[in-house]
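*Asks:* let me see the structure of the following:
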Amino acid sequence: MKLSRLDRRDFIEGMLLLGLTACGGPRFGNRALKASPSSEGATGPFFDGIARLADQFVRGLIDAGEFVHLAGARLMELELESDVLEDWTREGPVDRGVGKNGFRTIHTRPLRIGAQRGAAKAILFFSPAHTSHPAHEHHNLMSCKRVLMGHYHVRQYERLRQVEPGVIAIRQVSELLDVNLNGPYVDMTDDRLNVHWFGAGAEPVLALNLNLENAMRPEKTFYGPREQRPFGPYFVDPTGEPDADGVILARSIEREQADQFALRPLTDFPSRLMPPLHPPGGRANGLPAGPPQGARRADERRRRQDDS
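*Replies:* Sure, this is the predicted structure:
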């Protein structure tokens, strides 16, 4: 049976949530969806697993670093044939983002943190060739992203402090030139790698994002309880000259200016990556050497489970 474009898109997205390769055919997909557990309100084993991680974070059983590390590991377990998403990228996104970027939220799982309402989401994100998703910070949001098609050029920044309303001090800590299906996944939390900038190269990029939104209590966020802004991403301009320590004063920008950044490739803007501030084995650019603490704890927990 030949799938229509809409049917094929829905089928591909359903397979992503199941965590299966998206080439098994519609009958296989229907059987898998019907066989998946429905008690948790998700569409299949893959997102059910992500929802369980979100619940563990809300209950305080894992921290933000552990959440993105474990969710990222699950993302990397997805297996995709090289051509399964060609129709999706050819048609482009459903919802318009900044510049020519676009996205489609393919699943949402509501969360409750006392009276606070949050959500775990799976979002397909699309960037046309030679464009970028401009630099942005995140308020009360953590995520991990895996490229499914194409190649992203990624810059990551640490958010150091608020200088004044509308201005934050940041430091570039990575320059990833070729993020693709084989990895790495790109993660961020409120207190680690919170600012990032994505650029597409000579071909469009399609990526799958797993987000945990508004799941932190206000006093635990970077801005604290007095900050009344809604959760979500906020665009900043990281192109200023860094000081001797690599610190950049990044100002908040409005949508119109973000659109202008988005229409240009990331390579139009020079990297501000600085050499390590401390010798090897110590703290480089303000970051602890080796994997983040949450990732180490998650790995230790996984090893204990394997040994038991």
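
*Asks:* what is the strand or helix carrying residue 52 packed up against?
*Replies:* Assigning secondary structure by DSSP states H and E places residue 52 in helix 45-58. Packing partners of helix 45-58 (3 or more CB pairs under 8 Å, 6 or more residues apart in numbering; DSSP states H and E): helix 5-18, helix 64-76, strand 102-113, strand 116-127, strand 205-213. For glycine as for every other residue, the C-beta is placed from the backbone atoms N, C-alpha and C.

*Asks:* separation between residue 267 and residue 128?
*Replies:* Per CB to CB, to the nearest Å, residue 267 is found 15 Å from residue 128.

*Asks:* for the protein, give me the ranges with low pLDDT.
*Replies:* Applying pLDDT under 70 to the chain flags the ranges 1-44, 80-93, 275-308.

*Asks:* could I get the full set of helices for the stretch 151-300 of the chain?
*Replies:* Under the criterion DSSP state H, counting those that start in this stretch, the stretch 151-300 of the chain carries helices at the ranges 255-262, 293-307.

*Asks:* burial of residue 136, as a residue count?
*Replies:* Close neighbours of residue 136, defined as other CB atoms under 10 Å, add up to 21.

*Asks:* thought it was touching residue 237?
*Replies:* No: with contact defined as CB atoms under 8 Å, residue 136 does not count as touching residue 237 (10.4 Å).

*Asks:* ok, residue 103 to residue 226 distance?
*Replies:* 31 Å.

*Asks:* and those two? Which one has more around it.
*Replies:* Shown here are residue 103 and residue 226; by other CB under 10 Å, residue 103 has more neighbours (18 against 7).

*Asks:* contacting residues for the more buried one?
*Replies:* Residue 103 is in contact with 93-95, 97, 123-126, 209, counting by CB atoms under 8 Å, 6 or more residues apart in numbering.

*Asks:* beta-bridge partners for it, please?
*Replies:* Residues in a beta bridge with residue 103, per DSSP bridges, are residue 95, residue 125.

*Asks:* gap between it and residue 136?
*Replies:* Per CB to CB, residue 103 is found 13 Å from residue 136.

*Asks:* got the angle for the helix holding residue 52 vs helix 64-76?
*Replies:* Put simply, helix 45-58 runs at 180 degrees to helix 64-76, going by axes from the mean of the first three to the mean of the last three CA atoms, to 10 degrees.
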